[in-house]
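Q: quick check, what structure comes out for this input:
(one chain, ligands or ions: 1)
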Amino acid sequence: MKNDKDRGVHSAEDGASPPSTPSAQANSAGQSHQPATVPKPPEPSALRGWIARRLLDWFTQSQRRLPWRRDRNPYRIWVSEVMLQQTQVTTVVPYFERFLQAFPTLSALAAADEQEVLRLWEGLGYYRRARDLHRAAQHLVAAHGGTFPNDPELLRGVPGMGRYTVNAILSQAFDRRLPILEANSQRVLCRLFGRAEDPHRAPLRGWLWRAAEEVLPRQRVGQFNQALMELGALVCTPAAPRCGECPLRTKCHAHRLGLQEAIPFRSPPPQAVAVQESAVVLRQGPRVLLVQRPDRGRWARMWEFPHGELTNGETHEQAAVRLLRALTGFDGRLGPELTTIRHGVTRFAITLVCFEATPLGGVFCSVFYQQGRWLEPAELAAHPVSAPQRRLARLLSEPSRQQHLF
Ligand code: SF4
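A: Below is the predicted model of the structure:
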């Protein structure tokens, strides 16, 4: 049986048309022409059994012991999948443990205050994920009694549930035969089948989803999907893939052609845009003013010290004076510079110069923020803020700073 399948693979390799031309890309990059004897890449369906056997054996031996792999609880899998979007595994692990301790069930998450959910998400970034997770939990409790429906149709359309997330949860929790495609598995498939085009563009994107489906085994689907991602994370890495350790190397087209570093196509990263901002720490006796962002947009409903971008050739001091009035409604006297925080948000490289200020009159009235609260430094910890704002809050909580400020 095993030999029959292997023979089938070879005959498909001999007869199938190549789906793309990685050798042509190599030629344009100045590499030599490929010899005519190089076999064409196989069809994904022809390798199904072979990939599954190799990959599942490798996964059993080599997988990382991660907290969301301890059981097949769909809620735990869901939380981990959402946290892992755009975020490294090592960063996610402590967040996952804390989050599950606070909200051990779908019902507990649905009943939670959104501010508490955001507070536990603080530092992971992309806070919309946390808000969607919370709203989706409320929807699942209301519509399905707090259970996770084993049905992709019922999950699609729930806040934050795209095709990848739905398929990842259902394949891992219920072994549903559903494919997944994310950065790691996409890279493995592109290299294995020698697809050199841009995987984010339509023609290859559709092919990749079909390939991810065609290589799925009939059993252990969830483990297979995890194995594909794990191989991309640990062995078939973006730079310097460790082909010598790879269970798929004997049939990997990119490896055979020496193109593993060139595939898949990667567009150059966007150029960073420098942004200058000023922030104002307004103090009144022992307390400072914290303000809440609007219900929509980036960092919705999170808290921060009033801050904004410089305009029309302003200095940081001039911007701080203008922002103090516009963003808080208070008249005030600007004090010394406290600190400068540099951080990145998407393609923006932000320099935030922070000043302290003393209010001289007025009431809270802002062109942007929805409310303000006067808080003592110890109370700042209970409010969800972005990572750079937390750095500023921590600085204010240092005893040496308090003596100066308060
Ligand atoms: S052989 Fe190399 S390029 Fe091919 S799948 Fe394995 S690690 Fe990736």
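
Q: flag every buried residue along stretch 287-307.
A: Of the residues in stretch 287-307, 288-293, 299, 301-307 count as buried by neighbour count, 16 or more other Cβ atoms under 10 Å. Placement of C-beta: from N, CA and C, glycine included.

Q: of those, which pair is most distant in space?
A: Greatest spatial distance among the buried residues of stretch 287-307 (Cβ to Cβ): Val288 and Arg301, at 19.4 Å.

Q: from the ligand, how far out is the nearest residue to Gln371 once chain neighbours are set aside?
A: Distances taken as Cβ to Cβ, 6 or more residues apart in numbering put Gln292 closest to Gln371, at 5.0 Å, once the chain neighbours are dropped. With distances taken as Cβ to the nearest ligand atom, to the nearest Å, Gln292 is found 47 Å from the ligand.

Q: ok, now Leu352?
A: According to Cβ to the nearest ligand atom, Leu352 stands 41 Å off from the ligand.

Q: hang on, that residue packs against Val345?
A: No - taking Cβ atoms under 8 Å as the contact criterion, Leu352 and Val345 are not neighbours in contact, 10.7 Å apart.

Q: if you count surrounding residues, which of these two has more?
A: Set side by side, Leu352 and Val345 show unequal neighbour counts under other Cβ atoms under 10 Å, the larger going to Leu352 at 23 against 14.

Q: what are the contacting residues of the helix or strand containing the more buried one?
A: Here Leu352, judged by DSSP states H and E, is contained in strand 348-361. When contacts are defined by Cβ atoms under 8 Å, 6 or more residues apart in numbering, strand 348-361 is touched by residues 272-284, 305, 307, 316-317, 320, 324, 330-344, 388, 392, 405.

Q: residues from the stretch 101-250 of the chain in reach of the ligand?
A: With Cβ under 6 Å from any ligand atom as the criterion, the stretch 101-250 of the chain comes near the ligand at residues Val188, Arg191, Leu192, Val235, Cys236, Pro241, Cys243, Cys246, Leu248, Arg249.

Q: give me the nearest residue to the third one, chain neighbours excluded.
A: For Leu192, ignoring the flanking residues on the chain, the nearest one in space by Cβ to Cβ, 6+ apart is Cys252 at 5.2 Å.

Q: just Leu154 next, same as before
A: That would be His144: by Cβ to Cβ, 6+ apart, it lies 7.3 Å from Leu154.

Q: got phi/psi on that neighbour?
A: phi -130, psi 20 (degrees, to the nearest 10).

Q: hmm, the residue nearest to Leu192 is touching Arg187, no?
A: No - applying Cβ under 8 Å as the test, Cys252 and Arg187 come out as separate, 11.7 Å apart.

Q: more neighbours: which of the two?
A: Neighbour tally, Cys252 and Arg187, criterion other Cβ under 10 Å: the higher count belongs to Arg187, 25 against 22.

Q: contact partners for Leu216?
A: Contact analysis of Leu216 by Cβ under 8 Å, 6+ apart lists Arg48, Arg177, Leu178, Pro179, Phe224, Asn225.

Q: generate a PyMOL selection restricted to the buried subset of those residues.
A: Isolation of the buried members of the contacts of Leu216 (16+ other Cβ under 10 Å) is achieved in PyMOL through the command below:
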select buried, resi 48+178+179+224+225
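
Q: so, low pLDDT: which residues of the protein?
A: Low-confidence segments of the chain, defined by pLDDT under 70: 1-38, 399-406.

Q: measure stretch 240-255 end to end?
A: 12 Å (Cα to Cα, to the nearest Å).

Q: so how far is it off the chain centroid?
A: Distance of stretch 240-255 from the chain centroid (Cα atoms, centre = their mean, to the nearest Å) equals 27 Å.

Q: hmm, who's touching it?
A: Applying Cβ under 8 Å, 6+ apart, the contact partners of stretch 240-255 are 9, 22, 41-42, 47, 50-51, 54-55, 57-58, 188, 190-194, 231, 235-236, 259-263.

Q: which PyMOL command selects the buried ones in those?
A: In PyMOL, selecting the buried portion of those, with burial taken from 16+ other Cβ under 10 Å, looks like this:
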select buried, resi 9+22+41+42+47+50+51+54+55+58+188+190+191+192+193+194+231+235+236+259+260+262+263
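
Q: turn the contacts of Leu216 into a markdown table, including secondary structure.
A: Below are the contacts of Leu216 laid out as a markdown table (DSSP: H, G, I helix; E, B strand; the rest coil):
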| residue | secondary structure |
| --- | --- |
| Arg48 | helix |
| Arg177 | coil |
| Leu178 | coil |
| Pro179 | coil |
| Phe224 | helix |
| Asn225 | helix |
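
Q: contacting residues for Ala130?
A: For Ala130, the contacting residues are Val117, Leu118, Leu120, Trp121, Leu124, by Cβ under 8 Å, 6+ apart.

Q: identify the residue nearest it in space, chain neighbours excluded?
A: For Ala130, the nearest residue in space outside its immediate sequence neighbours is Trp121; the separation is 3.9 Å by Cβ to Cβ, 6+ apart.

Q: so the one you found sits right up against Val385, yeah?
A: No - in this structure Trp121 lies outside contact range of Val385 using Cβ under 8 Å: 11.2 Å.

Q: end to end on stretch 172-182, go ahead and measure it.
A: For stretch 172-182, the first-to-last residue distance is 15 Å (Cα to Cα).
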